[in-house]
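Novice: With the input below, show me the fold.
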Amino acid sequence: MTTNPMPDVKRKSSCVAGMEYNPASMKLTVFYTNMTTYDYDNVPPYIYTGLLCAESKGQYLNANVKGIYNYIKRQP
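Specialist: All right, here's what the predicted structure looks like:
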C-alpha cells in the first residue's frame, strides 16, 4: 500500500514558507522563507500537528524539531 504525503500546508510565518509531512515515512519537509528546504527524519505525527497549530512556527521548530531530529538540507 502506498501512502501519499499530506498536502503542502502554508501558514503565515516570518521564517516558514510551507511544509509537507509524509506519515508513512515520518518525514517532515520545511520550506523556509530564505529559500532553503530541510527534510527532517522520523518526526512523529504529533510533532507535525503541533507545528500546524503553533502560533509561532519558528519557535516551535526551534524547541521541538531542530537539534532533535536528523535532517538533510536540500540543494537548490
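
Novice: can we go C-alpha only for contacts and neighbour counts from here?
Specialist: Noted.

Novice: Which parts of the protein are strands?
Specialist: In the chain, the strands defined using DSSP state E lie at 6-9, 16-22, 27-32, 37-40, 71-73.

Novice: What mean pLDDT does stretch 57-73 get?
Specialist: Stretch 57-73 carries an average pLDDT of 97.

Novice: Please point out which parts of it sit buried.
Specialist: 57-58, 60-61, 64-65, 71 (16 or more other Cα atoms under 10 Å).

Novice: and it, how far apart are its ends?
Specialist: End-to-end distance for stretch 57-73, by Cα to Cα, to the nearest Å: 18 Å.

Novice: repeat for stretch 54-74
Specialist: One end of stretch 54-74 to the other measures 24 Å (Cα to Cα).

Novice: Give me the contact list for it.
Specialist: Residues outside stretch 54-74 that contact it (Cα atoms under 8 Å, 6 or more residues apart in numbering): 13-16, 36-43, 47, 50-51.

Novice: Buried among those residues? Make that a PyMOL selection.
Specialist: Filtering the contacts of stretch 54-74 down to the buried ones (16+ other Cα under 10 Å) takes a single PyMOL command:
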select buried, resi 15+16+37+38+39+40+41+42+43+51
